[in-house]
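based on what follows, work out the 3D shape:
(chains A and B)
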Amino acid sequence: MSSETLEKGYEPQEVERRWYAFWEENGLFAAREEDGAPGYAIVIPPPNVTGVLHMGHALNNTLQDILCRYRRLRGDNVLWMPGTDHAGIATQNVVERKLAQEGTDRHALGRERFIAEVWAWREKFGGAIIRQLKRLGASCDWARERFTMDEGLSRAVRQVFVDLYRQGLIYRGFYIINWCPRCRTALADLEVEHEETDGRLYHIRYPFPGGKGGITVATTRPETMLGDTAVAVNPDDERYRGLTAAAVILPLMQREIPIIRDAYVDMGFGTGGLKVTPAHDPNDFEIARRHDLPSVKVIGDDGRMTEAAGRFAGLDRFECRVRVVQELTEAGLLEKSEPHRHAVGHCYRCKAAVEPNLSRQWFVRARPLAEKAIAAVKQGETRIIPENWAATYFDWLENIRDWCISRQIWWGHQIPAWTCAGCGEVAVALEAPAACPRCGETRLTQEEDVLDTWFSSALWPFSTMGWPEETRLLKTFYPTSVLVTGFDILFFWVARMMMMGLHFMQAVPFRDVYVHALVRDEDGQKMSKSKGNVIDPIDIIDRHGTDAFRFTLAAFAAQGRDVKMSEKRVEGYRNFINKLWNAARFALMHIDRRRELPAPRALSLPDRWILARLSRAVAESARAIDAYRFNDAAGVLYAFVWHEVCDWYLEAIKPALHGKLDAAARDRSLAVLWRVLHDTLILLHPFVPFVTEEIWHKLPGTQGSIMRAVFPGDGAAAAALPPDPSAEADMGVLIDVISGIRTIRGEMGIPPGMALEAVVHPATAEARSLIEDHRELIANLARLRALAVTGSPERPRASATAVMPGATVFVPLEGIIDFKRERERLGKEFTRTEAELASVAKKLQNQDFLAKAPAEVVAKVKDQQQELAEKLQKIRANLDKINTYDSPS
RNA sequence: GGGCGGAUAGCUCAGCCGGGAGAGCGUCGGCCUUACAAGCCGAAGGUCACAGGUUCGAUCCCUGUUCCGCCUACCA
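All right, here's what the predicted structure looks like:
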């Protein structure tokens, strides 16, 4: 008996805590940077410090952990670089909400104290998501954990800003940007979420100064008319060809504004008249530049109307819309208003309606950077998997617009630009200059704005490794091996890392980008930090264990399809973990030590068979992981463990283990069992790290952590298992025979407790000796008290029949069952076989098929026909016998 | 407006290069067979959305249609 035994049911909680601590204490997650050889590296998509682990994180990090643990087992020096993101707007919002609860706000505190508050918040709560990642089993190299506001990373940010500025790739200017009146900051185009909204389209008449007639314009935002500085028509528009008036009167404001002609105006839309509001519409802004029109900003940064809006000043923008419409109606200038569905932009952080607003911001000139990012993927330096995402990537980069990087918030990297109080010179530098480089003035004020959070994230693959220093870490691990990410941040993050990595490192940041699906909520909505529709994975872990949860995620991580998580599914895989546990428990009741694997010739058929199947599982699961087909790998291992090892192998060797055969047979099976359990644990470890580590330590002959194990076939210690197709084929015949008997038992309603006799008629001489040699095995697994092998195809009287390719099985049932059932059963089988045969025969009658199909396909179909014909013939013979001899009772 | 993805068993979904439709859960029947009832044995259940086309052969490739989802977009 074994020295170690396992409890009857697997209890994950205690096991998980124990082994995670063990791994950390023993430095098993640590990357070796002294190695000269390139390592395998993944940088984590840094979760927001404000983040709480959601399903998306769980999936994302489980996949990364599977890759990292797998590569370690395959002998790679693995770096999984962890860290968190300072998440400017999100974090500022969280802390501001906290301040609001305390009855204060950031303006009362002032910038410095507010930032201190954020750091304090981060100290207290910022580690939550890291602790959650640890519960998920993430094998990150935690000693290297980084934060995007760390001194080192801030240094990298300043360096990049200064370099890009000097290279003319960062500039400052007045442009229309997306403004969030709630967060009171500019947003990048990407940070605006468009949502189809039912609004109204208002047709407003702008009268000519003479009083008669006018031009009708259409707008969805009538309040912006207060800031109109022109009305535009298309120069080719016949309707305005003979127009004499050069201006119109802007209603409500009674301001005279010019009529201009611009090809941008769509003649087909409405009356062909376009109101021009340069301060609040990006197109109008462009038109205004072409025609040298002034801008009037009527909506302020707080979303209220400005002084320029005259008597509407101080009104909220939406109230103002109501008032403007009302007054236009009263003045008889509102010609009509109709329902209109259009896309309205919302802030991706707070969901407030975004206002296009004229303002002075900093921009990155994106096109030159984008070109390199496009080329790198086109040339295959970086692969995007699945590759259909490449098209999306190209499309965005090819149409990229300059990136607005300044944010009017306080939490983030303050822009390293200083304005001279004397001459107004703007100095961009790594550190605050002592004096103005132009006039020597010492009073300089730093730019108030901070950088877009994604600016620092874009540097993550090299800033975390010590750039701009030329570190050994960079030398060993840059470019990283793969980036694992959801497609929702393909543009936000991946494309920008490509641009920055190529520009500053002259090399792509990663060889592969594996884009996984999103975990959506039950309404098909994306789960996101800000929407608040997250389901807590930790609950699932608490209830069912991390391993069950991870295996579920992996099993559903099919490429290109969203993952819908349900607790029911986790329960299914929890059962799998328990199955594995109990299989190990059974094995460890018998295994007392490691035994060398005997030569294949010496082994029993089940032994040879399971080793052949193991060899296949090794190859197939490895191939699947290499191709990022996590669900395939999980599926292969699940089926191998449950349906081959447990359902067949363990059952097959029970007699040997229980000493019913000779001691040598027992030893041989124990050697095989040891090897199967040993290798299976290693194969499963990347998916279910905790339970495999636990069992590993109970398995005699293992040393240290399973994390240090060698992947099956990789090491000199244990040679790769050779394939063994003949064992697979032979065992297949036995499985068929056993299943055939079981089916008869099941369908005829014979209780499993009742031992039966069976007669087998093998189809060939080989099958005959195979079956004779494994009479005991068949009898055990099919619960027979006797098994006879006959050379005669004659059906014994009063028996049920099962016809397989290798053999025909008869189960005499005299007095046990009534033969109506057997007749029905065989009749059904006959019909089914007949139909199959008909379809195959039809194919073979087709001359085109015979002439054009590949020879091997034709041969295969002919074999099928042969097989089916024989089967049909046997079934018919049996049916005939039932009808003549076993006449209905 | 442009683009992408999906439609396969009651449910949730696999199905790589076109060559006899799969899993899990659920359902039905039978089992406390000394690893596991979180289990074991067996069964039923599908016009692979629809219409064409290519092919000897289509769930798979092409075209179109319908429905669903997503991404993207400066027509007011």
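
and the helix or strand hosting A:Val858, which residues are buried?
Following DSSP states H and E, one finds A:Val858 within helix A:855-884. In terms of neighbour count (16 or more other Cβ atoms under 10 Å), helix A:855-884 has its buried residues at A:858, A:861, A:864-865, A:867-868, A:871-872, A:874-875, A:877-879, A:881-882. All C-beta atoms are positioned from the backbone trio N, CA, C, and that covers glycine.

give the rounded mean pLDDT of the longest strand along chain A.
Within chain A, and with DSSP state E defining each element, the longest strand by residue count is strand A:192-207. The pLDDT scores in strand A:192-207 average 85.

tell me the strands beside that strand, with direction?
strand A:214-219 (antiparallel), strand A:334-347 (antiparallel) (DSSP bridges).

could I get the buried residue list for the longest one?
Translated: strand A:334-347. Those would be A:Leu334, A:Glu335, A:Ser337, A:Val344, A:Gly345, A:His346, A:Cys347, for strand A:334-347 by 16+ other Cβ under 10 Å.

if we only consider these, which is nearest to A:Ala21?
Relative to A:Ala21, the closest of the buried residues of strand A:334-347 is A:Cys347; by Cβ to Cβ it sits at 42.1 Å.

measure how buried A:Val157 is and give me the count.
23 (other Cβ atoms under 10 Å).

does it touch A:Asp452 like I think?
No - the criterion here is Cβ atoms under 8 Å, and A:Val157 misses it with A:Asp452 at 10.8 Å.

with distance to A:Glu794 added, can I get the strands paired with strand A:192-207 in a markdown table?
Shown next, in a markdown table, are the strands paired with strand A:192-207 (distance: least, Cβ to Cβ, whole Å):
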| stretch | distance to A:Glu794 |
| --- | --- |
| strand A:214-219 | 92 |
| strand A:334-347 | 79 |
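
tell me which of those sits nearest to A:Thr464.
strand A:334-347 (28.7 Å).

tell me what angle the helix or strand that the closest one is followed by forms with strand A:334-347.
Using DSSP H and E, the helix or strand that follows strand A:334-347 in sequence is strand A:355-364. Put simply, strand A:355-364 runs at 40 degrees to strand A:334-347, going by axes from the mean of the first three to the mean of the last three Cα atoms, to 10 degrees.

just the CA trace of strand A:355-364, in CSV.
Only the C-alpha atoms of strand A:355-364 are listed here, as CSV (Å, rounded to 0.1, in the frame of the first residue of the first chain):
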residue,chain,number,x,y,z
GLU,A,355,-19.3,68.1,-26.2
PRO,A,356,-17.1,69.0,-29.1
ASN,A,357,-15.2,72.0,-27.8
LEU,A,358,-12.5,74.3,-29.0
SER,A,359,-9.5,74.2,-26.8
ARG,A,360,-5.8,74.2,-26.6
GLN,A,361,-4.3,70.7,-26.2
TRP,A,362,-1.3,68.6,-26.8
PHE,A,363,-1.2,66.1,-29.6
VAL,A,364,0.9,63.3,-30.9
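
so what's the residue count around the nearest residue to A:Gly39 once chain neighbours are set aside?
Closest residue to A:Gly39 apart from its sequence neighbours, by Cβ to Cβ, 6 or more residues apart in numbering: A:Asn77 at 3.9 Å. Per other Cβ under 10 Å, the neighbour tally for A:Asn77 reads 19.

can you name the residues that contact A:Asn77?
For A:Asn77, the contact set (Cβ atoms under 8 Å, 6 or more residues apart in numbering) comprises A:Ala31, A:Arg32, A:Asp35, A:Ala37, A:Gly39, A:Tyr40, A:Thr476.

just the buried residues out of those, in PyMOL syntax.
To isolate the buried members of the contacts of A:Asn77 in PyMOL, using 16+ other Cβ under 10 Å:
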select buried, chain A and resi 31+39+40+476
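
which residue in the contacts of A:Asn77 has the weakest pLDDT?
A:Asp35 (67).

I'd say A:Ile612 and A:Gly732 touch.
Careful, residue A:612 is Ala and not Ile. No - with contact taken as Cβ under 8 Å, A:Ala612 and A:Gly732 are classed as non-touching, separated by 11.0 Å.
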